[in-house]
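Novice: coords below, sequence missing:
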């Protein structure tokens, strides 16, 4: 988070999003809970770094094969950062 702010402060631009990756679902050895996804946010490597993102909204944007009724192919699934995971 500090890395992103420093880079864009230097360039004079403000970016309102941070890239990330979906790692999978929250799971135990035998089951997975599909209502909770694990995310890797770019530039966030330690638990204290996640405090800025707690409560923030997440958008998973993807492109579908066919257009919806409005003629748009891009779709969005919304979520929220609720807690850190790991060390």
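Specialist: Received, thanks. All values reported here derive from a predicted model rather than from experimental measurement. Numbering: from 1, shown residues only.
Novice: list the buried ones in whichever strand in the chain runs longest?
Specialist: Scanning the chain for the longest strand, with DSSP state E as the assignment, gives strand 32-41. Within strand 32-41, the residues scored as buried using 16 or more other Cβ atoms under 10 Å are 39, 41. Bear in mind the C-beta positions are built from the backbone N, C-alpha and C, glycine included.
Novice: could you list every helix and strand in contact with that strand?
Specialist: Packing partners of strand 32-41 (3 or more Cβ pairs under 8 Å, 6 or more residues apart in numbering; DSSP states H and E): strand 20-27.
Novice: which residues are contacting stretch 20-36?
Specialist: Stretch 20-36 is contacted by residues 37-42, 58, 60, 82, 85 when judged by Cβ atoms under 8 Å, 6 or more residues apart in numbering.
Novice: report the two of those residues separated the most.
Specialist: Farthest-apart pair in these is 42 and 82; separation 18.9 Å (Cβ to Cβ).
Novice: show me which of these two is the more surrounded one.
Specialist: More crowded of residue 42 and residue 82, by other Cβ atoms under 10 Å: residue 42, with 12 against 9.
Novice: next one: that one from residue 86, what distance?
Specialist: 16 Å (Cβ to Cβ, to the nearest Å).
Novice: same question, residue 35
Specialist: 19 Å.
Novice: with residue 16 instead?
Specialist: To residue 86, residue 16 is 26 Å away according to Cβ to Cβ.
Novice: which of these two has more neighbours?
Specialist: Neighbours per residue, other Cβ under 10 Å: of residue 16 and residue 86, the larger number sits with residue 86, 7 against 4.
Novice: what's the neighbour count on the nearest residue to that one once chain neighbours are set aside?
Specialist: Spatially, and ignoring its direct neighbours in sequence, residue 86 is nearest to residue 47 (7.4 Å; Cβ to Cβ, 6 or more residues apart in numbering). For residue 47, the neighbour count with other Cβ under 10 Å is 12.
Novice: pLDDT score assigned to the residue of the chain most remote from its centre?
Specialist: Ranked by distance from the centre of the chain (Cα atoms, centre = their mean), the top residue is residue 69, with 26.9 Å. Model confidence at residue 69, given as pLDDT, is 90.
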